[in-house]
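Peer 1: Okay, here's the prediction I keep looking at, along with the sequence it came from:
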Amino acid sequence: MSATITLKQLTDQLQALEAEAAAAIGAAADPAELEQLRVDLLGKKGRLSGVLGAMGRLPGEERPQVGQRANVLKEQVQSLLGERLHQLQSSALADRIARETLDVTAPCRYVPPGHRHPLQATVEEILDIFAGLGYRVSEGPEVESDHYNFTALNIPPHHPARDMQDTFYLAPGADGGERLLRTHTSPVQIRHLEANPPPVRIVAPGRVYRRDAVDATHSPVFHQVEVLALDEGLDFSHLRGTVTTFLQRFFGDLPVRFRASYFPFTEPSAEVDVRWRGRWLEVMGCGMVDPAVLEGLGIDPERWSGFAAGLGVERFCMVRHGIDDIRRLYTSDLRFLEQF
Ligand code: DAH
């Protein structure tokens with residue numbers, strides 16, 4: 001038989017184990033560590049089993065004392081493990097609650113909801129009406145050449161629109177070609193027809209430039225929408241019907257009147273007025289596409305005919321909303337813009 005062991009030695013060992021266990025359990029940082037401690041202390045090959053194994057070397061009558069002491073220790077360790085686990089779980093929960101705290105008294109971050117600028121809304125409304133009539137949107141550059149802005153539109157060299165007073169001319173481009181800021185959206189007619197053979201039905205919105213002094217009704221930068229329809233068999237009644245339908249959808253069911261006028265790129269040409277609040281207001285220009293324009297594009301005017309129209313978006317917007325000064329549309333004053 002191996003060396004004997006005394007009751008005192010065993011109880012001292014149990015005492016020491018209890019103190020050590022209490023310290024280790026108290027220091028455990030998470031549930032996994034606790035589980036490891038439980039296995040080390042109380043498991044089959046654990047420390048307590050080691051001590052109990054040595055109990056066989058005690059005289060028989062002393063064994064129950066050690067057994068009792070061991071049971072107390074076992075319960076003690078189990079309850080320490082349970083308490084520590086509970087502690088760890090509740091402090092993890094408290095941490096998480098602290099991390100996820102929502103301060104409902106904090107001042108909110110207010111991002112005011114924006115909306116479209118009245119000019120943009122007007123453009124979109126106009127495009128929508130024409131989309132409903134089967135038109136597609138086409139766009140062109142704001143920096144144009146003399147050819148597209150004037151010559152191709154049958155605007156002769158001496159035409160006053162070419163005057164330094166009216167047009168912003170730019171330094172020549174890299175290829176030496178003359179450049180200017182387009183004075184109207186009509187060049188999109190030419191560009192579109194060069195790239196798309198008839199039949200075409202397009203609306204072309206965009207920014208245009210003129211050397212005008214700023215006042216209540218003039219701005220050197222403004223917006224237009226161009227309309228072009230080219231097909232077989234189109235005549236003035238189609239122009240009249242389309243323009244009237246468009247204006248009545250935009251302004252309401254008001255009287256519309258056509259007055260003979262002149263534009264170099266249309267023949268015949270007309271100016272269109274709507275009866276608005278007791279007055280005739282001029283709102284757009286239009287006409288049948290001049291055969292000279294089509295010939296310049298190599299399109300046979302005997303086969304293809306059509307109409308064009310152009311309007312100023314600012315004017316449509318101002319009439320519709322009763323705005324008295326064009327400058328209000330450009331100053332970004334929220335007290336004004338919020339009304340739309
Ligand atoms: N381009 C003209 C302007 O800016 C407006 C215009 C008139 C366009 C008649 C057209 C048209 O297409 O047929 O004053």
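Peer 2: Perfect, thanks for sending it.
Peer 1: make it CA atoms for all contacts and neighbour counts henceforth
Peer 2: Will do.
Peer 1: so Ala270 sits in a strand?
Peer 2: Yes - looking at Ala270 with DSSP: H, G, I helix; E, B strand; the rest coil, it is inside a strand.
Peer 1: Check what pLDDT the residue in the stretch 1-150 of the chain positioned nearest to the ligand gets.
Peer 2: Nearest residue of the stretch 1-150 of the chain to the ligand: Asn149, at 9.3 Å (C-alpha to the nearest ligand atom). Note for Asn149: predicted pLDDT of 96.
Peer 1: Tell me where this protein has strands.
Peer 2: In chain order, the chain shows strands spanning 136-137, 143-144, 169-170, 179-181, 200-209, 221-232, 256-263, 266-276, 279-289, 304-312, with DSSP state E as the criterion.
Peer 1: interface residues of the stretch 201-340 of the chain facing the ligand?
Peer 2: Near the ligand, the residues belonging to the stretch 201-340 of the chain are 226, 263, 266, 285-287, 308-310 when assessed by C-alpha under 6 Å from any ligand atom.
Peer 1: what's the distance between Gly322 and the ligand?
Peer 2: 22 Å (C-alpha to the nearest ligand atom, to the nearest Å).
Peer 1: whoops, Asp325 was the one
Peer 2: 20 Å.
Peer 1: so what's that residue up against?
Peer 2: 215-217, 318 (C-alpha atoms under 8 Å, 6 or more residues apart in numbering).
Peer 1: Now that you've got these, can you turn the buried subset into something I can paste into ChimeraX?
Peer 2: The ChimeraX selection below is limited to those of the contacts of Asp325 classed as buried (16 or more other C-alpha atoms under 10 Å):
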select :318
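Peer 1: Among the contacts of Asp325, name the ones in helices.
Peer 2: Met318 (DSSP state H).
Peer 1: Closest to the ligand out of the contacts of Asp325?
Peer 2: Among the contacts of Asp325, and counting by C-alpha to the nearest ligand atom, the member closest to the ligand is Thr217, at 14.7 Å.
Peer 1: Can you give me the neighbour number for the residue in the stretch 51-200 of the chain positioned nearest to the ligand?
Peer 2: Scanning the stretch 51-200 of the chain for proximity to the ligand using C-alpha to the nearest ligand atom identifies His184 as nearest, at 4.4 Å. Burial of His184 is recorded as 23 neighbouring residues (other C-alpha atoms under 10 Å).
Peer 1: Kindly report the same for Ile326.
Peer 2: For Ile326, using other C-alpha under 10 Å, the count is 19.
Peer 1: Let me see the confidence value for it.
Peer 2: 96.
Peer 1: check contacts around it.
Peer 2: Going by C-alpha under 8 Å, 6+ apart, the list of residues near Ile326 reads 215-219, 314, 318.
Peer 1: The same query, at a cut-off of 7 Å, please.
Peer 2: With contact set as C-alpha atoms under 7 Å, 6 or more residues apart in numbering, Ile326 has these partners: 216-218.
Peer 1: same deal with Leu80?
Peer 2: Leu80 neighbours (C-alpha under 7 Å, 6+ apart): Ile25.
Peer 1: That one and Tyr209: what is the separation?
Peer 2: Relative to Tyr209, Leu80 is positioned 85 Å away (C-alpha to C-alpha, to the nearest Å).
Peer 1: Might you list the low-confidence residue ranges for the stretch 101-250 of the chain?
Peer 2: By pLDDT under 70, the stretch 101-250 of the chain has no low-scoring segment.
Peer 1: distance of Arg201 from Phe307?
Peer 2: Taking C-alpha to C-alpha, one finds Arg201 at 10 Å from Phe307.
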